[in-house]
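Q: Pasted the sequence and its predicted model underneath.
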Amino acid sequence: NAGVTQTPKFQVLKTGQSMTLQCAQDMNHEYMSWYRQDPGMGLRLIHYSVGAGITDQGEVPNGYNVSRSTTEDFPLRLLSAAPSQTSVYFCASSRDRGFGYEQYFGPGTRLTVT
Amino acid sequence: GQQLNQSPQSMFIQEGEDVSMNCTSSSIFNTWLWYKQDPGEGPVLLIALYKAGELTSNGRLTAQFGITRKDSFLNISASIPSDVGIYFCAGQNTGNQFYFGTGTSLTVIP
């Protein structure tokens, strides 16, 4: 049982490049989400999904796309990277979208856009 | 988005001392969660609170869900060096989103 896994751990992109951050969980969790963490700002929600085939925007969705074709996987796509997207990205999952189901986080992807 | 104000921003304490930090919101939450994050790692869940007034313990950690549903606090008793890290509160309202505080950085001096 690996929990929530993320790849890559580190990535450097040039402005305008695209890439996909991978996230997978093996706990059969319905709810998955992506956050970015910037110094002094806590975690901010980018996109989330309440189940396969369903996604929705969080607080800071611009510049990012997501899809959820399976319960296990929830990739985050940067279509045209910008320096403002330099951040640490965390994927999280929880059992259900209902009240109070705890989220479990992956180890993070540290992204630098030059 | 929702604003969660977490205080203090940072704390420097002696080993063995007790620690208290809190989180307040301008709106009501149905769930409060407390996480700890070590450098280079993702946040790890410490305590989850589901009901107003609820007081829950996890070892030396105790957290409470405020009666107004707009605040929560976390206490750590008899701190030890491995308590060092950043502590985050998070709240969930009637929607599907979690909102995080800005974190409290804890340093324990041996």
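A: Nice, I can see it.
Q: was I right about residue B:44 contacting residue A:105?
A: Yes - counting by CB atoms under 8 Å, residue B:44 does reach residue A:105; the two are 7.3 Å apart. Glycine gets a C-beta too; all of them are placed from N, C-alpha and C.
Q: Scan the helices and strands of chain A for the one with the lowest mean pLDDT.
A: strand A:104-105 (a mean of 90; mean pLDDT, DSSP states H and E).
Q: Which secondary structure state does the most centrally placed residue in chain A sit in?
A: The residue lying closest to the centre of chain A (CA atoms, centre = their mean) is residue A:34, at 2.7 Å. When classified by DSSP: H, G, I helix; E, B strand; the rest coil, residue A:34 comes out as strand.
Q: How about chain B: which residue is closest to chain A?
A: Chain B approaches chain A most closely through residue B:42 (3.4 Å), counting by CB to the nearest CB.
Q: and that residue, which of the three is it?
A: coil.
Q: Report the separation between it and residue A:76.
A: Residue B:42 is 15 Å from residue A:76, where distance means CB to CB, to the nearest Å.
Q: How about residue A:60?
A: Taken as CB to CB, the span from residue A:60 to residue A:76 is 12 Å.
Q: Pull up the overlap in contacts between these two.
A: residue A:46 (CB atoms under 8 Å, 6 or more residues apart in numbering or on different chains).
Q: who's the residue in chain A that chain B sits nearest to bridged to?
A: With CB to the nearest CB as the measure, residue A:105 is the residue of chain A nearest to chain B, at 3.4 Å. Beta-bridge partners recorded for residue A:105 (DSSP bridges): residue A:92.
Q: With the one 4 residues further on instead?
A: With DSSP bridges as the criterion, residue A:109 is bridged to residue A:89.
Q: Could you do residue B:63 as well?
A: As assigned using DSSP bridges, the partners bridged with residue B:63 are residue B:56, residue B:74.
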